[in-house]
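[1] pasting the structure only:
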């Protein structure tokens, strides 16, 4: 598609005609702005940037408008704002959407003062797109409504664009019937439009039909959506709008994933990926990767999905697109839950909820809350936090028309109700001691969460002694151990000076340190706290790269403790690397992991394998034995 593109050749020839010496500075500026606008509408943002030439310093910057007439200056500000918004999105440039809003707002004020109503609507339309990219859907809807009010009967093309973009907001907020009604209102405007606008029309119809197929359980809508996506791709190819062609390939892949046609989904994603990679559009490429991560999750390929979605999150964070970021975080939370990294999963799902809610993306926040309940509501959340998550999800999704979301809400309601009721005498296999233990765990979890995991305050809230709570966690409720944190927050590389000597164990503060490699902060703190209480010095790091540097150094580590799942190399490879180092060959190694990899770990050179989280309780005795044997 890139090679020999006639539209790009035409762009080159038209750019050559810009600097006619007979034109005034205003005429030359307006000609550049008109050409930039044409290029932007067919997705040729680089050509649009080149068309503005030295009138504009670059993305997010205010152009030099000195010496230009007010309308010319306003037009230049408008084009700079439009291009900033689009380039900031496709390249994920941090903070650019806010700067684009400033440029568009300045242009809007200028057009209002000159009573240019159609241009006011155009500026409002582009401003609404900036709000949409930021996930501020309510603000976007209001601005787009205002843009429509200022248009006359002759402004058919701009009206068509605004109506189509309006459906984006309705789709993202789950109002699919409203989106379809908007598209029906726009039908008459598309009969004589160019290919680029026809592509938008068919693409939006496809998206709405895709969601209505789920909402109304209509397989014929799915078939129609596939046809509409195919038509959109055709029209965008005819218009030379490669970016939007690739976007529709991504959307088609999403639909194919929803109906279980994973191989075809990957094929369309491959096509879209090639286009965005050629154009170096990291922002939209991240959206393609997000869709691929969803497909991989559906296929049960969680490790691959985890690798991809991590890069997606980093990209969305740079671009400041909060709705997309929240969705990606939700996917990562699900992936981590399936990989057994439960604490990390809970943390990022809660963060996804906050990011979405703070940005006004309320439906996205509701979906993050649902995922939190689905993945962790059966046993890893207290009844209070579970109920709170469901209440928020129900409130945020109360207007949804999506049948899948409604079904998920109902399933979560059943889960929450069952948890709140607790064990019942009528339950099959009811045992009183187990029922009492379940209630005991419920209140301990709730108190730990309320007190931020601080044991002393948790014990006070429960009305029991510190030692009693510690004993309960170490024996009857080991699954709650990860919720415990030190009474005082400790940083990594902990050294506990002046630790009291332990009977039979001595004070080890002056001996060699223990290297602990763990990316889960709660687990790292629990291990450090446990060993520091025995007078051991613990040097902690969160990734394999840092661990390698420490292992290769001359630091006299007495013992190494590795997790399996780590950023970079996994723990097993760290063990093998350690055993290849002359000064670490005899160093005792403990692997503390939730994975079933004990046999492989011992073959690699691990001395002791402990399971998380219960293995943390055994760690002090294991470390004492290993270091005693070594001595």
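    Nice, thanks for sending it over. What you are looking at is a predicted structure, and each value in this text was computed from that prediction instead of being measured.
[2] Low-confidence ranges, the protein, go.
    For the chain, applying pLDDT under 70 flags the ranges 1-21, 191, 319-320, 485-511, 522, 533, 613-614, 629-631.
[3] which residues of the chain fall in strands?
    514-517, 538-541, 559-562, 589-593, 608-611 (DSSP state E).
[4] Ok, which of those comes nearest residue 231?
    strand 589-593 (51.1 Å; CB to CB). Quick note: C-beta positions are derived from backbone N, CA and C, even for glycine.
[5] starting at the chain centroid, how far to that closest one?
    31 Å (CA atoms, centre = their mean, to the nearest Å).
[6] That strand - which strands sit beside it in the sheet, and in what orientation?
    Strand 589-593 pairs in its sheet with strand 559-562 (parallel), strand 608-611 (parallel), by DSSP bridges.
[7] Can you name the residues in contact with the first one?
    With CB atoms under 8 Å, 6 or more residues apart in numbering as the contact definition, strand 559-562 has outside contacts at 514-518, 527, 547, 551, 571, 574-575, 578, 584, 587-593, 606, 619, 623, 626-627.
[8] which of the residues you listed count as buried?
    Listed as buried from the contacts of strand 559-562 are 514-518, 527, 547, 551, 571, 574-575, 578, 584, 587-593, 606, 619, 623, 626-627; burial here means 16 or more other CB atoms under 10 Å.
[9] Comparing the strands paired with strand 589-593, which stretch has the densest surroundings?
    Ranked by mean neighbour count, these are led by strand 559-562 with a mean of 25 (mean count of other CB atoms under 10 Å).
[10] Run through the helices of the stretch 501-631 of the chain in chain order.
    521-532, 544-552, 571-580, 598-604, 615-630 (DSSP state H, counting those that start in this stretch).
[11] The first one vs strand 589-593, what angle?
    An angle of 140 degrees separates the directions of helix 521-532 and strand 589-593 when computed by axes from the mean of the first three to the mean of the last three CA atoms, to 10 degrees.
[12] contacting residues around residue 26?
    68, 69, 72.
[13] Sorry, wrong one. I was asking about residue 457.
    So residue 457 contacts residue 451 (CB under 8 Å, 6+ apart).
[14] If you drop the residues flanking it in sequence, what lies closest to residue 579?
    In this structure, residue 579 finds its nearest non-sequential neighbour in residue 605, 4.2 Å apart by CB to CB, 6 or more residues apart in numbering.
[15] One more: residue 40?
    Using CB to CB, 6+ apart, the nearest residue to residue 40 is residue 48, at 4.6 Å.
[16] okay but the one you found is in contact with residue 39, surely?
    Yes. With contact defined as CB atoms under 8 Å, residue 48 reaches residue 39; the gap is 3.8 Å.
[17] where along the stretch 201-350 of the chain do the helices fall?
    219-239, 242-258, 262-279, 282-298, 302-319, 322-338, 342-358.
[18] doesn't residue 516 make contact with residue 557?
    No. Between residue 557 and residue 516 there is no contact under CB under 8 Å: 9.9 Å.
[19] okay, and the common contacts of those two?
    The contact lists of residue 557 and residue 516 share residue 539, where a contact means CB under 8 Å, 6+ apart.
[20] Next, residue 563: phi, psi?
    Torsion angles at residue 563 (phi, psi; degrees, to the nearest 10) stand at phi -80, psi 170.
[21] and stretch 528-547, how far from the chain's centre?
    Going by CA atoms, centre = their mean, where stretch 528-547 is centred and where its chain is centred differ by 30 Å.
[22] sorry, back to before: format the helices of the stretch 201-350 of the chain as TSV; extra columns: mean neighbour count and distance to residue 150.
    Conversion of these to TSV gives the following (neighbours: other CB atoms under 10 Å; distance: least, CB to CB, whole Å):
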stretch	mean neighbour count	distance to residue 150
helix 219-239	19	27
helix 242-258	24	26
helix 262-279	18	34
helix 282-298	23	30
helix 302-319	19	30
helix 322-338	25	27
helix 342-358	21	31
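[23] got the buried residues for stretch 186-205?
    Quick answer for stretch 186-205 (16+ other CB under 10 Å): 186, 189-190, 193, 195-205.
[24] returning to that earlier point: indicate which one of the helices of the stretch 201-350 of the chain is closest to residue 166.
    Of the helices of the stretch 201-350 of the chain, nearest to residue 166 by CB to CB is helix 322-338, at 16.5 Å.
[25] which strands and helices sit next to the closest one?
    With contacts defined as 3 or more CB pairs under 8 Å, 6 or more residues apart in numbering; DSSP states H and E, helix 322-338 has these neighbours: helix 282-298, helix 302-319, helix 342-358, helix 362-376.
[26] what's the closest of those helices to residue 104?
    Nearest to residue 104, of the helices and strands packed on helix 322-338 and by CB to CB, is helix 302-319 at 17.8 Å.
[27] rewinding a little: could you say which one of the helices and strands packed on helix 322-338 comes nearest to residue 327?
    Across those, closest to residue 327 is helix 362-376 (CB to CB), at 5.9 Å.
[28] got the angle between that closest one and helix 342-358?
    170 degrees.
[29] Now, of the contacts of residue 26, which are buried?
    For those, buried by 16+ other CB under 10 Å: 68, 72.
[30] I'd like a version of the contacts of residue 26 in JSON lines, one that adds distance to residue 110 as further columns.
    Compiled in JSON lines, the contacts of residue 26 are given as follows (distance: CB to CB, whole Å):
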{"residue": "68", "distance to residue 110": "11"}
{"residue": "69", "distance to residue 110": "10"}
{"residue": "72", "distance to residue 110": "10"}
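[31] of all the contacts of residue 26, which comes closest to residue 167?
    Nearest to residue 167 among these, with distances taken as CB to CB, is residue 72, at 33.2 Å.
[32] For the helices of the stretch 201-350 of the chain, give me TSV that also has distance to residue 54.
    Below are these laid out as TSV (distance: least, CB to CB, whole Å):
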stretch	distance to residue 54
helix 219-239	29
helix 242-258	25
helix 262-279	24
helix 282-298	26
helix 302-319	27
helix 322-338	34
helix 342-358	39
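[33] Tell me which of these approaches residue 34 most closely.
    helix 219-239 (17.7 Å).
[34] Can you spell out which helices and strands pack onto the closest one?
    Checking 3+ CB pairs under 8 Å, 6+ apart, helix 219-239 ends up next to helix 195-215, helix 242-258.
[35] now the last one against helix 282-298, angle please.
    Taking the same axes, to 10 degrees, helix 242-258 and helix 282-298 form an angle of 10 degrees between their directions.
[36] If you count contacts, what does helix 242-258 end up packed against?
    Using 3+ CB pairs under 8 Å, 6+ apart: helix 242-258 touches helix 195-215, helix 219-239, helix 262-279, helix 282-298.
[37] Dump those helices to a markdown table, plus distance to residue 430.
    Listed next are those as a markdown table, based on distance: least, CB to CB, whole Å:
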| stretch | distance to residue 430 |
| --- | --- |
| helix 195-215 | 40 |
| helix 219-239 | 44 |
| helix 262-279 | 43 |
| helix 282-298 | 36 |
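[38] closest to residue 149 out of those helices?
    helix 195-215 (21.0 Å).
[39] winner for burial among the helices of the stretch 501-631 of the chain?
    Note that of the helices of the stretch 501-631 of the chain, helix 521-532 is the most buried (mean count of other CB under 10 Å), with a mean of 22.
[40] so how far is it off the chain centroid?
    On CA atoms, centre = their mean, the centre of helix 521-532 falls 28 Å from the chain's centre.
[41] I'd like to know how many residues surround residue 148.
    17 (other CB atoms under 10 Å).
[42] Equivalent analysis for the one 3 residues further on, please.
    By the other CB under 10 Å criterion, the neighbourhood of residue 151 contains 18 residues.
[43] For it, what are phi and psi?
    Torsion angles, degrees, to the nearest 10, at residue 151: phi -100, psi 150.
[44] hang on, it packs against residue 157?
    No. Applying CB under 8 Å, one finds residue 151 not in contact with residue 157, separated by 10.1 Å.
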